[in-house]
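In: Sequence and predicted model, in that order:
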Amino acid sequence: MVGDTWTVLVLRDLFNGIRRFDDLTAHLGIARNVLTRRLATLVAEGIVVRVPYREPGSRERHEYRL
């Protein structure tokens, strides 16, 4: 699980407090589709939790937390 390409880097960034999808994409330089798959797998395995949030005037989005 952790041996997949990018997974360790995603976990590192989550541990360091980067929680939002766009922030992870920008910090890692990872393709959006790859990050989507990695996060979905981590959520499915119970390693990461997907938490909804909403900023005023925008749609509901999600943060990812260990």
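Out: Cool, the structure landed.
In: those strands in the protein, which residues are they?
Out: Using DSSP state E, the strands of the chain run over 49-53, 61-65.
In: residue contacts, Val49?
Out: Shown in contact with Val49 (Cβ atoms under 8 Å, 6 or more residues apart in numbering): Val43, Tyr64, Arg65, Leu66. The way it works is simple: take the backbone N, C-alpha and C, and place the C-beta from them, glycine included.
In: Let's have the residues you listed in CSV, adding pLDDT.
Out: Shown next, in CSV, are the contacts of Val49 (pLDDT from 0 to 100):
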residue, pLDDT
Val43, 97
Tyr64, 98
Arg65, 97
Leu66, 96
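In: ok, now which ones touch the residue located most distally from the centre of the chain?
Out: Distance to the chain centre peaks in the chain at Gly57, reaching 22.7 Å (criterion: Cα atoms, centre = their mean). For Gly57, the contact set (Cβ under 8 Å, 6+ apart) is empty.
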